[in-house]
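In: the following block contains a protein sequence and its predicted model.
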Amino acid sequence: MAIGPSPTGSLTARLAYALKLASWPKLLVPWLLGQALGIAAAERLNAWALVIGLGFTVFLLMFIVLLNDYADAEVDALKRQMFPDGCSPKTIPDGVLSARVVLRLGLGAGMLALALALVAQLTRVAGPPMGEDSIVAPFATLCLGLFIAYSLPPLRVNYHGGGEWLEALGVGLLLPAFNFYLQAGRLEPLYGEPSFGAPPFEAALSAGPIWGSLAGFVLLSRASAVASGLSDEESDRLGGKRTVASVQGNADARELTEEMLLGGAFVWIFLGAALLYGNKFTGVPWVLAGVVCALLFVPVRRLSKSAKTNAFAAQARYKAALHRAIWLSTALLAVSALVAARLT
């Protein structure tokens, strides 16, 4: 039963609302990063890998968005009751789509994502070529399984603490690594093999840009995951959902968000400096992306103090600035890494 004003119109309009199109860059940016680094590593573009990676990412996104709404229906209803004028209509509580439709569409999207991965595995149009072992399908299953552990029974990690780290690993590590694997057909570094006993700069250089890129991006993804809980602080607390915001409070969540954002920027700057130290021109994109991310931290910090508990409009501005810093710097890294690879 709807508990407040809900979007009206055709099924297409209601489905578009339920899919939260404005949030899609959260997964499309990791797709771009992984594909770009994979193209640079392979020194060629695999159009099939590009298309299959995009299709998998879109279906994964639909799977996550819809099943997250299904899993969080009770907490969403609680928030709408607490703040009927302070938050947007929720998919199931406000009757945008029924719980049964949301579940079926979400499961269908997950099956389509796995089907694409299976096609890539069997035909070898993406990932390793014929004659080499391929883990495309198991890798894709891991990506979907991580979300199931995040929000659905029996684990429901997001309800027991640690959900932000799980999201960071899924968005910041697994998804871009999966897309890298589709393009490059391997998961080895772009340059050389890891050297764990080497001095810091040499270790960063030998570890390769792919792992350094993803290490920084995991921190940025954790910043986004922690910030996403700000607007749900009180309803999550009452609904039993253990996020940084609901357990430690608004101020600590904002502080951790900003630390993760700066941490990701500095990882990229360090990696770029290490590559430049090794006389590799390709270090420039990482320095550039890290510096841009650090500069875009300034408006995030400026908006931080106003993004207090239940200040929903201020929180929205804060998160918009945060996402701008993450998405723009990551897209810049992806594009500039391709350019640098072409020039070297």
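Out: Structure received.
In: surely Gln35 is in contact with Gly53?
Out: Yes - when contacts are counted by CB atoms under 8 Å, Gln35 is listed as touching Gly53 (5.7 Å). In short, each C-beta sits where N, CA and C put it, glycine included.
In: the two: which is more packed in?
Out: For the pair Gln35 and Gly53, the greater number of neighbours falls to Gly53 (28 against 25), based on other CB atoms under 10 Å.
In: isn't the more buried one up against Leu33?
Out: No - Gly53 lies out of contact with Leu33 (CB under 8 Å); the separation is 11.1 Å.
In: list residues touching both of these two?
Out: Asn179 (CB atoms under 8 Å, 6 or more residues apart in numbering).
In: need the overlap of contacts for Gln35 and Gly53.
Out: The contact lists of Gln35 and Gly53 share 179, 182-183, where a contact means CB under 8 Å, 6+ apart.
In: contact partners for the closest residue to Ala109 other than its chain neighbours?
Out: Spatial nearest neighbour of Ala109, chain neighbours left out: Met62 (3.7 Å); criterion: CB to CB, 6 or more residues apart in numbering. By CB under 8 Å, 6+ apart, the contact set of Met62 is 19, 105-106, 109.
In: check contacts around the residue nearest to Leu45 when sequence neighbours are not counted.
Out: Nearest residue to Leu45, sequence neighbours excluded (CB to CB, 6+ apart): Ile39, at 5.3 Å. Ile39 is in contact with 45-46, 183, 338, 341, counting by CB under 8 Å, 6+ apart.
In: of these, closest to Lys308?
Out: Leu338 (41.0 Å; CB to CB).
In: give me the mean pLDDT for the strand or helix carrying the closest one.
Out: Assigned by DSSP states H and E, Leu338 belongs to helix 312-343. The average pLDDT for helix 312-343 rounds to 94.
In: for it, packing partners?
Out: helix 25-42, helix 209-228, helix 250-277, helix 284-304 (3 or more CB pairs under 8 Å, 6 or more residues apart in numbering; DSSP states H and E).
In: how far off helix 312-343 does the longest one point, in degrees?
Out: Read it as helix 250-277. 10 degrees (axes from the mean of the first three to the mean of the last three CA atoms, to 10 degrees).
In: list the buried ones in helix 250-277?
Out: By neighbour count on 16 or more other CB atoms under 10 Å, the buried set for helix 250-277 is 250, 253-254, 256-258, 260-265, 267-276.
In: cool, and the shortest one?
Out: Across helix 25-42, burial judged by 16+ other CB under 10 Å covers 25-42.
In: buried only: go through the contacts of Ile39 for me.
Out: Buried among the contacts of Ile39 (16+ other CB under 10 Å): 46, 183, 338, 341.
In: distance to Leu66 added to those residues, as JSON lines?
Out: Converted to JSON lines, the buried ones among the contacts of Ile39 look like this (distance: CB to CB, whole Å):
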{"residue": "Asn46", "distance to Leu66": "30"}
{"residue": "Gln183", "distance to Leu66": "28"}
{"residue": "Leu338", "distance to Leu66": "33"}
{"residue": "Ala341", "distance to Leu66": "37"}
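In: out of the residues you listed, who's nearest Lys319?
Out: Nearest to Lys319 among the buried ones among the contacts of Ile39: Leu338, at 28.7 Å, using CB to CB.
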